[in-house]
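**Q** Fold the following for me, if possible:
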Amino acid sequence: MFHSIIPPYLLEQLERSASDPSLRARYRQSLQHDAVLRTRPAAGRDTAAAAPGGRQRQVYDAENGTDLPGTLVRAEGDDAVQDQAVNQAYDGTGATWTLYQECFGRDSIDGAGLVLTSTVHYDRGYANAFWDGAQMVFGDGDGEIFGNFTSSIDVTGHELTHGVTQYTANLAYEGQSGALNESISDVFGSLAKQYAMGQSAADADWLIGAGLFLPGVQGVALRSMKAPGTAYDDPRLGKDPQPADMSGYVDTQDDNGGVHINSGIPNRAFYLVAADLGGNAYDDAGKIWYGTLTSSSLTESSRFRDFAEATQATARDLFGDDSTQLAAVSKAWQTVGVLGDQTRLMSAAQTELQPSTPPAPPPNGG
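**A** Numbers count the residues shown, from 1 in each chain. Okay, the predicted model is just below:
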C-alpha cells in the first residue's frame with residue numbers, strides 16, 4: 001500500500017500557486033506519479049528477513065530514475081559514504097528500528113527482522129517520500145519549497161510505521177481509520193526522533209517534517225501534534241488545515257476522506273497524554289499506543305472512538321483502574337471531543353474542505 005508524507009491536496013495547492021511553469025509541471029508530474037503508485041501493490045520485490053534480533057539496513061540509489069530499489073550503495077555495518085542523503089536514510093531507518101526494538105521489544109517493522117530497505121534520489125525534483133508496502137523511497141525535493149526528504153528522522157519513522165500498521169492492525173486507509181493510520185505514523189515518527197535525540201515530552205518540538213521547508217517558506221513543519229493547524233501559513237502552501245478537535249472535523253471525499261487532515265485530532269490526544277504524564281513520551285504514553293496498535297481490539301475499520309476506548313483498555317491493563325495513565329488517556333480524548341458528552345455536538349459541527357479553491361493569502365501578505 002502506497003503512503004506518502006506529502007498529502008495530495010498540498011501538491012495540488014502548490015501546482016495552482018506556482019508561477020514558474022517548470023515547477024507547475026514538476027508538481028503535476030508528482031501528483032500523476034503518486035496516483036499511479038496508489039493503484040498498484042508493492043512491486044513484488046523480495047523482502048528478506050534478517051536473523052531475529054539483528055538490525056539490517058540497505059540503502060539504494062535510484063540515480064534520479066524510478067526503478068526500485070536501484071543500486072545498493074550502503075548496507076548494514078558499512079562506513080558512511082560521501083552522499084549525505086544515503087547516510088541520512090541509513091541513520092533514520094536505524095533510529096526507527098532502535099525505537100521499536102529498545103522501547104517496545106519489536107524486531108523490525110514486521111516483528112520478525114525485516115530488512116529495512118530504502119531508496120534515495122528517486123526521480124527528478126520529486127517532492128515526496130513514501131512507503132510502498134515493501135520499502136522506503138525518498139525524493140530530493142523540488143528545490144523551491146521542499147529540501148531532501150531524508151533530512152527528518154520523524155518523516156522516516158512516520159513512513160516505516162505505516163509498515164508496522166500494515167503488519168498489525170492494518171487500518172483501512174480512508175476516513176477515520178485512515179486518519180488513525182496517519183496519526184499512528186506521526187506518533188511513532190515523533191517518538192523515533194525523541195528517542196534518538198534523548199528528548200523528554202517537554203523538550204520535544206512535536207513537529208512532523210521540521211527542516212523539510214526551504215528558506216523563505218512561512219512554516220515550521222508539515223504538521224504540529226501539539227497545535228494542529230499552526231504548522232504553516234504560506235501564500236504558496238496555503239494554511240495548515242488540520243483541526244485540533246472534533247468541532248473542526250473536516251468531512252471531505254478528498255485525501256482519502258481527509259486522512260492527512262483529521263489525523264490532527266488523535267495526534268493532539270497523544271500529545272496531551274504525553275504532556276500530562278511527563279517524562280519520556282516513548283515510555284508510558286508510547287507503550288499505551290503501541291499496546292493498542294498491536295492488540296486484537298482494533299479492526300480495519302476502527303474509528304476514533306473505537307481507538308480511544310481501546311487506548312483506555314490498554315492503559316487499564318498496563319497500569320490499573322485508578323492509574324494516572326488511564327486518567328490522562330481519558331482526559332485527552334475528552335479534550336479533543338472524541339469521548340464524552342460533547343462528542344455528538346462537535347461531530348455535528350463538521351466543516352467541508354474544498355481543495356479546488358486556493359486558500360486566501362495570509363493577513364498582511366504574511
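
**Q** When you work out contacts or count neighbours from here on, use the C-alpha atoms and nothing else.
**A** OK.

**Q** Please name every helix or strand in contact with the longest helix anywhere in the chain.
**A** Assignment by DSSP state H gives helix 175-197 as the longest helix of the chain. Counting contacts by 3 or more Cα pairs under 8 Å, 6 or more residues apart in numbering; DSSP states H and E, helix 175-197 is packed against helix 84-104, helix 153-167, strand 207-208, helix 255-258, helix 264-277, helix 304-319.

**Q** Now do the third one: distance to the chain's middle.
**A** Meaning strand 207-208. 9 Å (Cα atoms, centre = their mean, to the nearest Å).

**Q** Run through who's touching stretch 100-109.
**A** 52-55, 97, 113-116, 160-161, 163-164, 167, 282-283, 287, 290 (Cα atoms under 8 Å, 6 or more residues apart in numbering).

**Q** and if we set it to 6 Å?
**A** With Cα atoms under 6 Å, 6 or more residues apart in numbering as the contact definition, stretch 100-109 has outside contacts at 53, 97, 113, 114, 164.

**Q** and if you look at stretch 272-285?
**A** Outside stretch 272-285, the residues that reach it (Cα under 6 Å, 6+ apart) are 191, 200, 201, 328, 329, 332.

**Q** Which one of these is nearest to residue 132?
**A** Distance to residue 132, by Cα to Cα, is smallest for residue 191 among the contacts of stretch 272-285, at 21.8 Å.

**Q** What subset of the contacts of stretch 100-109 is buried?
**A** Buried by 16 or more other Cα atoms under 10 Å: 97, 113, 114, 164, out of those.

**Q** Just the element for the residue in the chain sticking out farthest from the centre, please.
**A** Ranked by distance from the centre of the chain (Cα atoms, centre = their mean), the top residue is residue 322, with 32.3 Å. If you go by DSSP states H and E, residue 322 is not part of any helix or strand.

**Q** how about it, phi and psi?
**A** Phi and psi for residue 322, reported as degrees, to the nearest 10, are phi -100, psi 20.

**Q** that older thread, just the ones of the contacts of stretch 272-285 in helices?
**A** Short answer: the contacts of stretch 272-285 in helices (DSSP H) are 191, 328, 329, 332.

**Q** one step back: of the helices and strands packed on helix 175-197, give the one that comes closest to residue 28.
**A** In terms of Cα to Cα, the element of these nearest to residue 28 is helix 255-258, at 16.1 Å.

**Q** Using a markdown table, lay out the contacts of stretch 272-285 together with distance to residue 35 and neighbour count.
**A** A markdown table is the format used below for these (distance: Cα to Cα, whole Å; neighbours: other Cα atoms under 10 Å):
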| residue | distance to residue 35 | neighbour count |
| --- | --- | --- |
| 191 | 29 | 31 |
| 200 | 38 | 19 |
| 201 | 36 | 24 |
| 328 | 40 | 22 |
| 329 | 37 | 28 |
| 332 | 36 | 24 |
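
**Q** For those, could you give me JSON lines that also reports pLDDT?
**A** Shown next, in JSON lines, are these (pLDDT from 0 to 100):
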{"residue": "191", "pLDDT": "98"}
{"residue": "200", "pLDDT": "98"}
{"residue": "201", "pLDDT": "98"}
{"residue": "328", "pLDDT": "98"}
{"residue": "329", "pLDDT": "98"}
{"residue": "332", "pLDDT": "98"}
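
**Q** Give me the contacts around the helix or strand residue 35 falls within.
**A** If you go by DSSP H and E, residue 35 is part of helix 21-38. Defining contact as Cα under 6 Å, 6+ apart, one finds that helix 21-38 is touched by 2, 15, 18.

**Q** Just those: which are in helices?
**A** Those of the contacts of helix 21-38 lying in helices (DSSP H): residue 15.

**Q** most neighbours, which of the contacts of helix 21-38?
**A** When neighbours are counted by other Cα atoms under 10 Å, residue 15 leads those with 22 neighbours.

**Q** list the contacts for that residue?
**A** By Cα under 6 Å, 6+ apart, residue 15 lies in contact with 24, 27.

**Q** where's it relative to residue 242, distance?
**A** Distance, residue 15 to residue 242, using Cα to Cα, to the nearest Å: 20 Å.

**Q** Likewise for residue 275?
**A** Counting by Cα to Cα - residue 275 and residue 242 are separated by 20 Å.

**Q** So which of those two has more stuff around it?
**A** Neighbours were counted for residue 275 and for residue 242 using other Cα under 10 Å; residue 242 has more, 24 against 19.

**Q** looking at it, that one is touching residue 229, isn't it?
**A** Yes - using Cα atoms under 6 Å, residue 242 is in contact with residue 229, at 4.5 Å.

**Q** for residue 338, what are its contacts?
**A** Applying Cα under 6 Å, 6+ apart, the residues near residue 338 are residue 305.

**Q** Name the helix or strand for it, please.
**A** Per DSSP H and E, there is no helix or strand for residue 338.

**Q** any idea how far it is from residue 8?
**A** 26 Å.

**Q** and of the ones in helices among the contacts of stretch 272-285, the nearest to residue 237?
**A** For those, with residue 237 as the reference and Cα to Cα as the criterion, the closest is residue 191, at 26.5 Å.

**Q** Can you tell me, leaving aside adjacent residues, what's nearest to the closest one?
**A** Nearest residue to residue 191 in three dimensions, chain neighbours excluded: residue 282, at 5.9 Å (Cα to Cα, 6 or more residues apart in numbering).

**Q** for the one you found, phi and psi?
**A** Dihedral pair for residue 282: phi -80, psi 0, per degrees, to the nearest 10.

**Q** What's the separation between it and residue 271?
**A** Distance, residue 282 to residue 271, using Cα to Cα: 11 Å.

**Q** Quick one: low-confidence residue ranges for the chain.
**A** For the chain, the stretches with pLDDT under 70 are 40-53, 341-366.

**Q** if we go to 90?
**A** 1-2, 18-54, 296, 340-366 (pLDDT under 90).
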